[in-house]
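# with the input below, show me the fold.
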Amino acid sequence: LLHWSSTSLSGLSAAYQPAGSQNYHYEPAAKRYRAVYDYAAADEDEVSFMDGDVIVDVQQIDEGWMYGRVERTGQQGMLPANYVEAI
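Numbers count the residues shown, from 1 in each chain. Just a heads-up that it's a prediction; the model follows:
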């Protein structure tokens, strides 16, 4: 038995989900950034990184902050948007 659903994620729509399974949806390609400065986390929800580190799975939180994972360390958290550039 299939249940049809329509879910929107960044303008992309989902297909169907088999009954009793998790929701399946398409996600846009993960955004990648490169650190252009060192940053030392100032709070426990932030992440530290070094100049040149690649930050993956980045999501924009607001104008000045992002959330992502430092590829080198595996740590994830908030980071200042003006310390990284898109690659």
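# please, which helix or strand holds the closest residue in space to G68 that isn't next to it in sequence?
Nearest non-adjacent residue to G68, counting by CB to CB, 6 or more residues apart in numbering: V58, 3.9 Å away. Placement of C-beta: from N, CA and C, glycine included. Here V58, judged by DSSP states H and E, is contained in strand 54-60.
# so what does the following helix or strand past that strand touch, helix or strand wise?
Counting by DSSP H and E, the next helix or strand C-terminal to strand 54-60 is strand 65-70. When contacts are defined as 3 or more CB pairs under 8 Å, 6 or more residues apart in numbering; DSSP states H and E, strand 65-70 packs onto strand 54-60, strand 76-80.
# so what are the sheet partners of strand 65-70 and their directions?
Paired neighbours of strand 65-70 in the sheet (DSSP bridges): strand 54-60 (antiparallel), strand 76-80 (antiparallel).
# of the ones you listed, which is nearest S48?
strand 76-80 (8.6 Å; CB to CB).
# any idea how far the residue nearest to Y39 when sequence neighbours are not counted lies from V36?
Excluding the flanking residues, the one nearest Y39 by CB to CB, 6+ apart is Y83, at 5.0 Å. Per CB to CB, to the nearest Å, Y83 is found 6 Å from V36.
# same thing with E85?
6 Å.
# what about these two, which has more around it?
The residue with more neighbours, out of E85 and V36, is V36; 13 against 10, by other CB atoms under 10 Å.
# give the contact list for the more buried one.
Contact analysis of V36 by CB atoms under 8 Å, 6 or more residues apart in numbering lists 51, 83-85.
# out of those residues, which is most surrounded?
In terms of neighbours by other CB under 10 Å, the contacts of V36 top out with V84 at 22 neighbours.
# distance of that one relative to D43?
The value you get for V84 to D43, if CB to CB is used, is 18 Å.
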